[in-house]
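> based on what follows, work out the 3D shape:
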Amino acid sequence: DLLGPSVACRFRRSVEPACGLYALRHFLKGILMLSDKTALEVLLLSRLYFYTLLHKSFGGEPTKELLDVLCGESTKDVLEEYSDDETIAKLLRYLASIKEKKLSDPSFFDAVHDEYVRMFYGFDPDSAPLAESAYLSGNGGYFNEVTLSVRDFYRNEGMLPAKYPRVPDDHLSLEMGFMATLANRALQMFRKGDLEAFRIQIMRQREFLEQHAVRWTPLFAERVRSGKNTQLYPQLIVAASAFMQVDLGFVAEVISWTEHSESDAAEMPNDDDQAVDFASLNLVVEALTAMRLPHLEDNEFESVDTEL
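Prediction:
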């Protein structure tokens, strides 16, 4: 268990019975009031891991390696940090059932692959669109003012889709990859102790979630929720939407804390009772980042000059 006992568990005793985002906000307030650097770093790493996993899962065709990671202990540890949200708890239980009953069955992998092809390549006429603009533009179209707004966010952070302009900038995988990149930048700033740069980076993430990701993914999740004979991706999409709602609450609390904190992140005390193997966890995140999937290159970024 790389994360040790769930950070959330250490604060639940002091929280009135609650669930979902309400409970998460309360134990986050407990973490931030205690100025516990270890606990906060765990959550920063957890969100980086899950955004990276979502980027991979929605951006490339599934492989046995991807399924092993989804059903593995590291993913379980990370999702448990957010399991006060019932939708994420359902995903945890579903992945556990896959691991127990289906993961070793070749026919299950074939079914997951077929589901990905139908949903993500549009071979199913009833499949839901995978781009934000289809939900928020008003006419169901792609490559419009919504797309341009997303592109501006990317460009301002020094990146554009590597296949630009041949793929929609607001594809679900690209938006998750963007959030993973920003989550990593925020984590590195926090580790350096640069609280002001950390706050600015977290604020940018809140802006993107509020203006884009959190606005359309619930609509997407509602479309895929009603599907029949689902294998994996609808469950993952619904949980991703719930996770971003929770993460929006997290970044709001972090911003509030940074605005009222008088100390640098480097001066925050570590909790010696919280045993976290950060070196091993870093390796897990690095391995996930390096994982290659078929056609993932269609949904990746390249660096650009922000002044262009």
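> distance-wise, check the closest residue to residue 128 other than its chain neighbours relative to residue 124.
Of all residues not flanking residue 128 in the chain, residue 223 sits nearest, at 3.8 Å (Cβ to Cβ, 6 or more residues apart in numbering). The C-beta positions use only the backbone N, C-alpha and C, and glycine is treated the same way. As judged by Cβ to Cβ, to the nearest Å, residue 223 and residue 124 stand 12 Å apart.
> all helices of the stretch 151-300 of the chain, in order?
Remark: helices assigned in the stretch 151-300 of the chain by DSSP state H, counting those that start in this stretch are 172-192, 195-208, 214-225, 233-260, 278-290.
> what residues sit buried inside the longest one?
By 16 or more other Cβ atoms under 10 Å, the buried positions in helix 233-260 come out as 233-255, 257-258.
> now for that helix, which elements pack on it?
Packing contacts for helix 233-260, counted by 3 or more Cβ pairs under 8 Å, 6 or more residues apart in numbering; DSSP states H and E, involve helix 20-34, helix 37-59, helix 86-101, helix 106-120, helix 195-208, helix 214-225.
> would a markdown table of the helices of the stretch 151-300 of the chain with distance to residue 152 and mean pLDDT be doable?
Listed next are those as a markdown table, based on distance: least, Cβ to Cβ, whole Å; pLDDT from 0 to 100:
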| stretch | distance to residue 152 | mean pLDDT |
| --- | --- | --- |
| helix 172-192 | 12 | 97 |
| helix 195-208 | 11 | 96 |
| helix 214-225 | 16 | 94 |
| helix 233-260 | 20 | 93 |
| helix 278-290 | 25 | 90 |
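> please report how far the residue lying closest to residue 103 once chain neighbours are set aside lies from residue 79.
Sequence neighbours aside, residue 71 is the residue nearest to residue 103 in space, at 5.6 Å (criterion: Cβ to Cβ, 6+ apart). According to Cβ to Cβ, residue 71 stands 11 Å off from residue 79.
> list the residues that contact both of these two?
Here residue 71 and residue 79 have residue 95 as joint contacts, going by Cβ atoms under 8 Å, 6 or more residues apart in numbering.
> higher neighbour count, the two?
Per other Cβ atoms under 10 Å, whichever of residue 71 and residue 79 has more neighbours is residue 79, with 23 against 19.
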